[in-house]
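**Q** return a 3D structure for these sequence lines:
(4 chains)
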2 protein chains.
Amino acid sequence: MTKAEKTRNFIVEKTAPIFNMKGYAGTSLNDITAATGLTKGSIYGNFANKDEVALAAFDYNLKNVVSRIEAEINRQKYVKGKLLVYIDIYQNLLTGTVTEGGCPILNTAIDADDTHPALKARAAKAVLGWKNRIVELIETGIAAKEINANYHPEQIALTVIAIIEGGIMISRLTAKPAYWNLIMDSLKKYVNSLS
Amino acid sequence: MTKAEKTRNFIVEKTAPIFNMKGYAGTSLNDITAATGLTKGSIYGNFANKDEVALAAFDYNLKNVVSRIEAEINRQKYVKGKLLVYIDIYQNLLTGTVTEGGCPILNTAIDADDTHPALKARAAKAVLGWKNRIVELIETGIAAKEINANYHPEQIALTVIAIIEGGIMISRLTAKPAYWNLIMDSLKKYVNSLS
DNA sequence: AATTTAATATACCGATTGGTATATATTTGC
DNA sequence: GCAAATATATACCAATCGGTATATTAAATT
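**A** Modelled structure (predicted):
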């Protein structure tokens, strides 16, 4: 890894939580230099423009949460358990253990939706990837007779994601952990009803 | 209504969709003057600063969707029907009939969460108000023996809101109306299971 | 260690940011 | 219809925006 690659990674690491909290328009180059301790010259020596930093920051934040999810999925034996790992993962995400500022997919989706097509595309790809991963899990569960074959895998996947993302919004906004627990209890009941 | 009051309303009407789409940091005073055809002098003659315009714009967007929801709730006879009016209302919201840029509560929640305490407080108040309204409906439904008394009204309310808001994020981001229909079908099943 | 190459810092650019003081229209009350 | 009050436009402010050309420093190659 060359010096430039290290610096590039360093910039991404330091700015990723800022972009996640403040959004694209809300994050200035001054924020970026302040967070890294580097100058504008150094930033622009490693990135063509602010967009590139923002895109790399999103990729970093996404990879962060996805890798943690996959690790936890592998630790679970049953499909229903695999589907419920999001509850604990995202609880850490809410408290800032994984990524400051909440779910990067949700944040980027809302932030970039009407303003930044490139970022929006990455968020959309992330949601579709997530959905497909859950569909995969459910199909495995159906094959293993753990989940009833009458259910619509894609519908389940989308519903699970919606409950989680909606739950994140509500509990972060209201700052009430109890709300998260209530919503996640509904998710548990939903997943457990898929037999 | 004085001239100033009319102008104030006019400014709010014209800028509300912009704030909803671009967020607080993403909406500039130039956006505001361009959308209204007025000058900065006129804007600042009616509002102390950009914050006041943003807060008024949020209130306007919120009132817009709430009044439509209440009208539709009143048209429904049964509680379960009342709980499901959000499906059609928010479908209009997705397509821009009600408010351009999607749900103002969700947008403001994500936009202001880590950046703008005053806006965040209004979004939080809106979510809590929404939750309480649903709790109210459910308690009516329980009293009318339409909904089983064993259910936890607050949990149901939060789950309904989470599914809707998560569904809005997903379907707006992916631009797939079919996803909205699948998620709303899950919501229907959920509400209909509350007997 | 010297030289070439790569990476970072400095200093600057025009444009735009939110905001204001003041002048000019436009309403409103009489 | 005239005067006082209100509302809008003009012209400007310092600060910050994203971005760049160039100088300086540090790292890699020989």
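**Q** got the confidence number for A:Ala149?
**A** You'll see A:Ala149 listed with a pLDDT of 95.
**Q** ok, now which ones touch it?
**A** A:Ile142 (C-beta atoms under 8 Å, 6 or more residues apart in numbering or on different chains). C-beta: built from backbone N, CA, C; applies to glycine.
**Q** my read is that A:Ile161 contacts A:Leu128, right?
**A** No. In this structure, A:Ile161 is not within contact of A:Leu128 by C-beta atoms under 8 Å, at 10.2 Å.
**Q** count the neighbours of the nearest residue to A:Thr174 once chain neighbours are set aside for me.
**A** In this structure, A:Thr174 finds its nearest non-sequential neighbour in B:Ala124, 5.3 Å apart by C-beta to C-beta, 6 or more residues apart in numbering or on different chains. Number of residues near B:Ala124 (other C-beta atoms under 10 Å in any protein chain shown) recorded here: 21.
**Q** follow-up on the earlier one: between A:Ile161 and A:Leu128, who's got more neighbours?
**A** Neighbours were counted for A:Ile161 and for A:Leu128 using other C-beta under 10 Å; A:Ile161 has more, 23 against 15.
**Q** tell me the contacts of that one?
**A** Counting by C-beta under 8 Å, 6+ apart, A:Ile161 has contacts A:Val127, A:Trp130, A:Lys131, A:Ile134, B:Gly166, B:Ile170.
**Q** ok, now which ones touch the fifth one?
**A** Taking C-beta under 8 Å, 6+ apart, we find B:Gly166 in contact with A:Ile161, A:Ala162, A:Ile163, A:Ile164, A:Glu165, A:Gly166, A:Gly167, A:Met169, B:Ile183.
**Q** which other helices and strands contact whichever strand or helix holds A:Ala178?
**A** Here A:Ala178 sits within helix A:177-192, counting by DSSP states H and E. When contacts are defined as 3 or more C-beta pairs under 8 Å, 6 or more residues apart in numbering or on different chains; DSSP states H and E, helix A:177-192 packs onto helix A:79-83, helix A:85-95, helix A:153-174, helix B:153-174.
**Q** farthest residue from the center of chain A?
**A** Going by C-alpha atoms, centre = their mean, the residue of chain A most distant from its centre is A:Gly41, 30.7 Å out.
**Q** quick one: it and A:Thr2, what's the gap?
**A** Distance, A:Gly41 to A:Thr2, using C-beta to C-beta, to the nearest Å: 18 Å.
**Q** next: A:Ala149.
**A** Distance from A:Ala149 to A:Thr2, by C-beta to C-beta: 52 Å.
**Q** tell me which helix or strand in chain A has the weakest average pLDDT.
**A** helix A:85-95 (a mean of 80; mean pLDDT, DSSP states H and E).
**Q** so which elements touch the helix or strand following that helix?
**A** Next helix or strand after helix A:85-95 toward the C-terminus (DSSP H and E): helix A:104-112. Identification of packing neighbours for helix A:104-112 by 3+ C-beta pairs under 8 Å, 6+ apart yields helix A:3-26, helix A:50-75, helix A:117-143, helix A:153-174, helix B:104-112, helix B:153-174.
**Q** what angle do the shortest one and helix B:50-75 make?
**A** Between helix B:104-112 and helix B:50-75, the angle formed by their directions is 150 degrees, by axes from the mean of the first three to the mean of the last three C-alpha atoms, to 10 degrees.
**Q** residues of chain A that sit close to DNA strand D?
**A** Proximity of chain A to DNA strand D (C-beta under 7 Å from any atom of the strand) is limited to residues A:2-3, A:27-31, A:40-41, A:44, A:48-51.
**Q** quick check: the two most widely separated of these?
**A** A:Thr2 and A:Ser28 (27.8 Å; C-beta to C-beta).
**Q** gap between the residue nearest to A:Tyr86 when sequence neighbours are not counted and A:Lys50?
**A** Once flanking residues are discounted, A:Tyr86 sits nearest to A:Ile164: 5.4 Å by C-beta to C-beta, 6+ apart. Using C-beta to C-beta, we find A:Ile164 at a distance of 30 Å from A:Lys50.
**Q** also A:Gly101?
**A** Distance from A:Gly101 to A:Lys50, by C-beta to C-beta: 18 Å.
**Q** settle it for me: which of the two has more neighbours?
**A** More neighbours surround A:Gly101 than the other of A:Gly101 and A:Lys50, with 23 against 18 (other C-beta under 10 Å).
**Q** now the more buried one. Its backbone dihedrals?
**A** Note on A:Gly101: backbone dihedrals following degrees, to the nearest 10 are phi 100, psi 0.
**Q** wait, it sits on A:Pro17?
**A** Yes. Counting by C-beta under 8 Å, A:Gly101 touches A:Pro17, with 6.1 Å between them.
**Q** do the helix or strand containing A:Asn30 and DNA strand C meet at all?
**A** Assigned by DSSP H and E, A:Asn30 belongs to helix A:29-36. No. Judged by C-beta under 7 Å from any atom of the strand, helix A:29-36 stays clear of DNA strand C, getting no closer than 8.1 Å.
**Q** and that helix, how far out from the chain middle?
**A** 23 Å (C-alpha atoms, centre = their mean, to the nearest Å).
**Q** tell me the mean pLDDT over it?
**A** pLDDT averaged over helix A:29-36 gives 96.
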